[in-house]
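Visitor: Kindly return the folded structure for what I paste below:
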Amino acid sequence: MKEMDAGGVLLPQDWSFPVPIAYGPGRLAEIGAHCRELGIKSPLIVTDSGSQSLPFIASLQRHLSEVGLKSRLFAEISPNPRDDEIGGGRDFFLSGAHDAVIAIGGGSAMDGGKSICLTANYGIDLWDFDYRLTPPAAPDQFPALITVPTTAGTGAETESTAMVTHTGKEMKFCVWHPRLKPSLAILDPELTLGLPAGLTAWTGMDALVHAIEAYLVPGFHPLCDGMALEALSLVSTSLPRVVAEPADLPARGFMLVGSCLAGISFLKGLGLVHAISHMVGAEFDTQHGLTNAIILPTVMRFNLPGQEVKTHRMAQAMGIGDTSVHGFIAALEKLLDDTGVPGSLSEIGVPSDCAHRIAGKAIHDSAAATNPRRASVAEIEAIVAAAVSGAR
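Guide: Numbering: from 1, shown residues only. Just a heads-up that it's a prediction; the model follows:
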């Protein structure tokens, strides 16, 4: 694997693509000034229920108060955000006369904050923003949105797309609007230093899956493909380092940037790993990155035959010597083993009798439509059954 310039990754960087990005250790401290520049007067902080008492929330509140900004915290977001929670967040936003959302935390916080932004100035249902539908007419102005990821996996900080569980259907769907874009994303690798080894591994594998699935989506999109390959290089090199040495700040920085690149790349689409994982998470409330990681090898066995050229390029990006389909999958399985990912969905509480039901839901997921190989319900059911019993 290629050597990374550890010095450069510790320097502050300001990027303008695809949205304004402030990268670098300690950049959270600048958020008050950024809010002032954006004309924000009353931000609502949105995070998940497991993060509300973590130090970065207090730090964020302190930095806002230092410039005279009052904020409130909404933390009623589950690991797999639900539509009823988004409704509660919208009501909380309106009751405080807020003008912006600062989404801080992992993927669930990003999804929750973005969904609240989508609905805050609307008197219509969240599901009118379903990705599969024609977007509703935009309001005069969406609330300003600042995203601050504290895990290196979701890559959700540069777009408006959010995954939310439909409680009535026990299915996850993507909501979005093309005119909602983050006003700023702050990528501060110091915020990821306290992440436990398990969560570091699971979120890191989520980023890897994003890059692999995006790169395999058919079609000509060299921008997304280039970012996917660079994400594979950064994540595969840095993930073992941050699991073994959690305080390795340069590796944390590479992970955060790799995750962001992978998140941008999947604007091209995703595949069956996500289509299945979304529905497993909706039913059984499993951690998304971990679920993706367990499902990955089984889906690759289905998808990669016939994709030898792309497999070769992905293996090269990851520094894998054997660039064949078999060698690539074997290297993925070794990475999963080395980072402590369980070998089956059954080990994280997914029952063996769910395969047919999950497959029937997954085939309707938007990610299934961009999978490189068309799959029937029966084929998806076989993939789910194999992942439940033992993907490796």
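Visitor: ok, which stretches of the stretch 151-300 of the chain are helices?
Guide: 197-216, 222-244, 249-265, 272-284, 288-303 (DSSP state H, counting those that start in this stretch).
Visitor: Which of these sits closest to Arg313?
Guide: helix 222-244 (6.6 Å; Cβ to Cβ). Every C-beta, even on glycine, is put in place using the N, C-alpha and C of the backbone.
Visitor: how far is that closest one from where the chain is centred?
Guide: The chain centroid and the centroid of helix 222-244 are separated by 14 Å under Cα atoms, centre = their mean, to the nearest Å.
Visitor: got a list of contacts for the helix or strand containing Val388?
Guide: Val388 is part of helix 377-390, with elements assigned from DSSP states H and E. With contacts defined as Cβ atoms under 8 Å, 6 or more residues apart in numbering, helix 377-390 is touched by 272, 275-276, 280, 294-295, 298-299, 302, 343-346, 350-352, 354-356, 358-360, 362-363, 368, 375.
Visitor: buried set for it?
Guide: For helix 377-390, the neighbour count (16 or more other Cβ atoms under 10 Å) marks 380-388 as buried.
Visitor: I'd like those residues laid out as JSON lines, including pLDDT and distance to Gly32.
Guide: Listed next are the buried residues of helix 377-390 as JSON lines, based on pLDDT from 0 to 100; distance: Cβ to Cβ, whole Å:
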{"residue": "Ile380", "pLDDT": "98", "distance to Gly32": "48"}
{"residue": "Glu381", "pLDDT": "98", "distance to Gly32": "52"}
{"residue": "Ala382", "pLDDT": "97", "distance to Gly32": "53"}
{"residue": "Ile383", "pLDDT": "98", "distance to Gly32": "48"}
{"residue": "Val384", "pLDDT": "98", "distance to Gly32": "47"}
{"residue": "Ala385", "pLDDT": "97", "distance to Gly32": "52"}
{"residue": "Ala386", "pLDDT": "97", "distance to Gly32": "50"}
{"residue": "Ala387", "pLDDT": "98", "distance to Gly32": "45"}
{"residue": "Val388", "pLDDT": "97", "distance to Gly32": "48"}
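Visitor: Might one say that Val235 is in contact with Val257?
Guide: No: between Val235 and Val257 there is no contact, the gap being 9.4 Å when judged by Cβ atoms under 8 Å.
Visitor: Among those two, which residue is more densely surrounded?
Guide: Val235 (31 against 23; other Cβ atoms under 10 Å).
Visitor: Work out which residue lies at the spatial centre of the chain.
Guide: What sits nearest the mean C-alpha location of the chain, by Cα atoms, centre = their mean, is Thr154, with 1.8 Å.
Visitor: Would you confirm that it contacts Thr203?
Guide: Yes: applying Cβ under 8 Å as the test, Thr154 and Thr203 come out as touching, 7.0 Å apart.
Visitor: Overlap of the contact sets of the two?
Guide: Shared contacts of Thr154 and Thr203 (Cβ under 8 Å, 6+ apart): 106-107, 259, 289.
Visitor: Are any of those buried, and if so which?
Guide: If you count burial by 16+ other Cβ under 10 Å, the buried members of those come out as 106-107, 259, 289.
Visitor: Let me have those residues in JSON lines, extended by distance to Phe17.
Guide: Converted to JSON lines, these look like this (distance: Cβ to Cβ, whole Å):
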{"residue": "Gly106", "distance to Phe17": "23"}
{"residue": "Gly107", "distance to Phe17": "22"}
{"residue": "Ser259", "distance to Phe17": "16"}
{"residue": "Gly289", "distance to Phe17": "25"}
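Visitor: Columns pLDDT on top of the residues you listed, output as JSON lines?
Guide: Shown next, in JSON lines, are those (pLDDT from 0 to 100):
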{"residue": "Gly106", "pLDDT": "95"}
{"residue": "Gly107", "pLDDT": "95"}
{"residue": "Ser259", "pLDDT": "98"}
{"residue": "Gly289", "pLDDT": "96"}
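Visitor: tell me which of those is nearest to Gly24?
Guide: Ranked by distance to Gly24 (Cβ to Cβ), those are led by Ser259 at 15.4 Å.
Visitor: residues touching the closest one, list them.
Guide: For Ser259, the contact set (Cβ under 8 Å, 6+ apart) comprises 149, 151-155, 203-204, 206-207, 210, 231, 235.
Visitor: now with 6 Å?
Guide: With contact set as Cβ atoms under 6 Å, 6 or more residues apart in numbering, Ser259 has these partners: 152-153, 155, 207.
Visitor: Gly50: which of the residues you listed is nearest?
Guide: Among these, and counting by Cβ to Cβ, the member closest to Gly50 is Gly153, at 14.8 Å.
Visitor: That closest one and Ser51, how far apart?
Guide: From Gly153 across to Ser51, the span is 14 Å (Cβ to Cβ, to the nearest Å).
Visitor: Mind checking which of those two has more residues around it?
Guide: Just comparing Gly153 and Ser51: by other Cβ under 10 Å the higher neighbour count belongs to Gly153, 33 against 18.
Visitor: Grab the nearest non-local neighbour of the more buried one.
Guide: Nearest non-adjacent residue to Gly153, counting by Cβ to Cβ, 6 or more residues apart in numbering: Thr203, 2.8 Å away.
Visitor: quick one on the thing from earlier: are any of the contacts of helix 377-390 buried, and which?
Guide: For the contacts of helix 377-390, a burial check counting by 16+ other Cβ under 10 Å picks out 272, 275-276, 280, 294-295, 298-299, 302, 343-345, 350, 354-355, 358-359, 362-363, 368, 375.
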